[in-house]
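1. fold the following and give me the result.
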Amino acid sequence: MLDPMKVPQGGYNQEYRQHPKFPGGYIYSHAGGDYDAWMNAVYPLLPDRVAFGDPDAPAALVKDEPGTNGVPQTAVLYPYPGTPQAGTPWAFTLMAGRAAIDFLLIARILFIQPVLNPDGTASAWSSGLIERHTETTLLAGNTLTELVGDQGDRYALVASFPGADIDDLPPPPPGYSYDKKPLDQDFTLVCRRFAHILITDGYNFQRWDQGNAPD
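-> Okay, here's the model as predicted:
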């Protein structure tokens, strides 16, 4: 039985990702609580690429740098809710020196595409659909930052990365505006199969209310 992984506040989520343009788009993860120890003692020893065949194939998994999330939260990452393609393992183990590090298949990128401006040019934002099962809890005592669409759909800020200031947000994507409010209790976003996201450099928003927007 594959157990879910928990990411505590201030922890890390180390991923290996397959490029979504190739069949698959799978994401594997290893999570833990001591970010500094991971980056200093383990991360440098992990391979840059992982492949289950030709290591030079463009569909190989590429090591991602976990970074530190500026949005106070905890998360639970469940095993991938779909059925992986033949030859795609549910989990694998890598050696970092003498330490055995287990990675779990958690998600699949179904698509990432630019959000267009009214004139048809690409904006600085992209929309995406990720197949995954996660529970993300934004912690009380902080601010809930949302993108609100013209059709009433609402996306919560779930991740901001180094260099991204949550108090100085970039212009929103076309058709959206920002809304902020204090959280007087924990706010949990539950995704059981498909996560709709809006992303730009340093920021990741996940839909929690569809409103009248098409699915």
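2. state the distance from the closest residue to residue 154 other than its chain neighbours to residue 4.
-> When the adjacent residues along the chain are set aside, residue 154 lies closest to residue 209, with 4.0 Å between them (Cβ to Cβ, 6 or more residues apart in numbering). Every C-beta, even on glycine, is put in place using the N, C-alpha and C of the backbone. According to Cβ to Cβ, to the nearest Å, residue 209 and residue 4 sit 24 Å apart.
3. and the longest strand along the chain, what other elements does it pack with?
-> Across the chain, the longest stretch assigned as strand under DSSP state E is strand 99-116. Taking 3 or more Cβ pairs under 8 Å, 6 or more residues apart in numbering; DSSP states H and E as contact, the helices and strands that strand 99-116 lies on are strand 12-17, strand 26-32, strand 91-96, strand 122-132, strand 194-200.
4. so what's the nearest residue to residue 88 once chain neighbours are set aside up against?
-> Counting by Cβ to Cβ, 6+ apart, residue 88 lies nearest to residue 26, which is 6.2 Å off, once chain neighbours are set aside. For residue 26, the contact set (Cβ atoms under 8 Å, 6 or more residues apart in numbering) comprises 17-18, 61, 80, 84, 88, 105, 107-109.
5. most neighbours out of those residues, which is it?
-> Among the contacts of residue 26, the one with the most neighbours (other Cβ atoms under 10 Å) is residue 107, at 25 neighbours.
6. surely that one touches residue 80?
-> Yes: at 6.1 Å, residue 107 and residue 80 qualify as touching, with contact defined as Cβ atoms under 8 Å.
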